[in-house]
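Engineer: Here is a sequence together with a model predicted from it:
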Amino acid sequence: MKNFLRYAYLKGKMIPFNDANISVATHALHYGTAAFGGMRGIVKDKNVTLFRIREHAHRLSQSARLLLYEISPEKIEDTIKEFVLINRPNTDFYIRPLIYTSSLEFSPRLHDLEKDFLIYGVEFGDYLKSEGVTCCFSSWIRQQDSSVPLRGKISGSYITSCLAKSEAVERGFDEAILMNSRGKVAEGSAMNIFIVKSGRLITPSINEDILEGITRDSIIVIARDLGVPVEERPIDRSELLLADEVFLSGTAAKVVGVNKIENYTFKGERLIFNKIKDIFAGLLAGEDSRYDKWITRVSI
Ligand SMILES: Cc1ncc(COP(=O)(O)O)c(C=O)c1O
């Protein structure tokens, strides 16, 4: 059993985690009609540092709209802060807010159904190995925006991530790289992807059927601040394999290097990745005043 934070938020109330349960007939459980967020909370000296809470709350509010549910980013942000306050965590954790279709109905639709907003938290360290990962090309193709709205973190769409991740692990790799339906590089199972070629940082653009990652956006800003040219455009499979550096980014994954893809090993120096990784680690902990605008501190 994981170490869940003591209180969860359900049906408008903060209640003990063990009492925060929902019915077996919940619509979201059967049809994936939910949308989630994910944020890290870093605990230090009676303070919890939250990274880019505004952007996380905004993305979840937009995801909710795709489920025909209106909830303001302010409501999400305020509830997350209240959740942190009541839990007073003493170690780093992950916050999982979820908008879900709570009606006990069995018709696959979105209209005329009740929705609810819940939050729980769990103690959390590294999701991927900090020394870097190995990846395979997934046999599963990233969905296209015309079949699943990919700008939202819609729960049902994560079956593709689950299939890709398990296939990768069964094949002896840590992670999967999914191509999009046009045969270009999309992303990892729950992380965006970057390559470096001849001093330029390149990542698939937001029209390549990726999730618009908040870490991805932060890395683009950091790279530009470092004077590194950034290109957002389609990436070919062979371009990825011949890159000087490859890395993944995400709230859970943070910024993690890719050591190998299939039978191609990356042995170079990783100058740009190392700089970005160090800056990102500092700002996530709220220790880099240049990026203070991205930090919210809750004193506990
Ligand atoms: C499919 C997918 N891509 C990319 C990301 C990275 O997004 P972020 O940096 O906002 O966590 C995530 C993580 O939430 C994800 O689930």
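Structural biologist: Thanks, I have it.

Engineer: so Arg65, which of the three states?
Structural biologist: When classified by DSSP: H, G, I helix; E, B strand; the rest coil, Arg65 comes out as helix.

Engineer: quick one: it from the ligand, how far?
Structural biologist: 18 Å (C-beta to the nearest ligand atom, to the nearest Å). The C-beta positions use only the backbone N, C-alpha and C, and glycine is treated the same way.

Engineer: One more: Glu212?
Structural biologist: 7 Å.

Engineer: Over to Ser138?
Structural biologist: 12 Å.

Engineer: Just the pLDDT for that residue.
Structural biologist: On pLDDT, Ser138 comes in at 98.

Engineer: so how many other residues sit close to it?
Structural biologist: As a burial measure, Ser138 scores 24 neighbours (other C-beta atoms under 10 Å).

Engineer: and if you look at Ile22?
Structural biologist: 15.

Engineer: give the contact list for it.
Structural biologist: Leu10, Leu29, Ser102 (C-beta atoms under 8 Å, 6 or more residues apart in numbering).

Engineer: repeat for Tyr9
Structural biologist: Ile15, Ala20, Thr79, Glu82, Phe83, Phe117, Leu118, Ile119, Tyr120.

Engineer: do Ala186 as well
Structural biologist: Ala186 touches Arg142, Ile177, Leu178, Met179, Asn180, Ile193, Pro204, Glu208, Asp209, Ile210, counting by C-beta under 8 Å, 6+ apart.

Engineer: Can you report phi and psi for the fourth one?
Structural biologist: The phi/psi pair for Met179 (degrees, to the nearest 10) reads phi -90, psi 160.

Engineer: I'd like the numbering to begin with 9 instead of 1 from here.
Structural biologist: Will do, 9 is the new start, and the previous item becomes Met187.

Engineer: And the pLDDT for it?
Structural biologist: 98.

Engineer: Okay, and the beta partners of it?
Structural biologist: Val193 (DSSP bridges).

Engineer: which bits of the stretch 209-308 of the chain sit near the ligand?
Structural biologist: Leu219, Gly221, Ile222, Thr223, Arg224, Ser257, Gly258, Thr259 (C-beta under 6 Å from any ligand atom).

Engineer: part of a strand, is the first one?
Structural biologist: Translated: Leu219. No - counting by three-state DSSP, Leu219 is not part of a strand but coil.

Engineer: That one contacts Leu158, correct?
Structural biologist: Yes - with contact defined as C-beta atoms under 8 Å, Leu219 counts as touching Leu158 (6.3 Å).

Engineer: circling back to that earlier point, which one of the contacts of Ala194 sits closest to the ligand?
Structural biologist: Ranked by distance to the ligand (C-beta to the nearest ligand atom), those are led by Ile218 at 6.4 Å.

Engineer: these two touch, right, that closest one and Gln152?
Structural biologist: No - with contact defined as C-beta under 8 Å, Ile218 does not count as touching Gln152 (11.3 Å).

Engineer: if I look at those two, which residues touch both of them?
Structural biologist: Common neighbours of Ile218 and Gln152 (C-beta under 8 Å, 6+ apart) are Leu158, Asn188.

Engineer: Those two: which is more packed in?
Structural biologist: More crowded of Ile218 and Gln152, by other C-beta under 10 Å: Ile218, with 24 against 13.

Engineer: before we move on, what SS does the residue nearest to the more buried one when sequence neighbours are not counted have?
Structural biologist: With C-beta to C-beta, 6 or more residues apart in numbering as the criterion, Ile218 has its nearest non-adjacent residue at 4.8 Å, and that residue is Glu195. The three-state assignment at Glu195 reads strand, by three-state DSSP.

Engineer: Farthest pair within the contacts of Tyr17?
Structural biologist: Greatest spacing in these, by C-beta to C-beta: Ala28 and Glu90 (14.9 Å).

Engineer: one step back: same list (the residues of the stretch 209-308 of the chain next to the ligand) but as a markdown table, adding pLDDT and secondary structure.
Structural biologist: A markdown table is the format used below for those (pLDDT from 0 to 100; DSSP: H, G, I helix; E, B strand; the rest coil):
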| residue | pLDDT | secondary structure |
| --- | --- | --- |
| Leu219 | 98 | coil |
| Gly221 | 98 | coil |
| Ile222 | 98 | helix |
| Thr223 | 98 | helix |
| Arg224 | 98 | helix |
| Ser257 | 98 | strand |
| Gly258 | 97 | strand |
| Thr259 | 96 | coil |
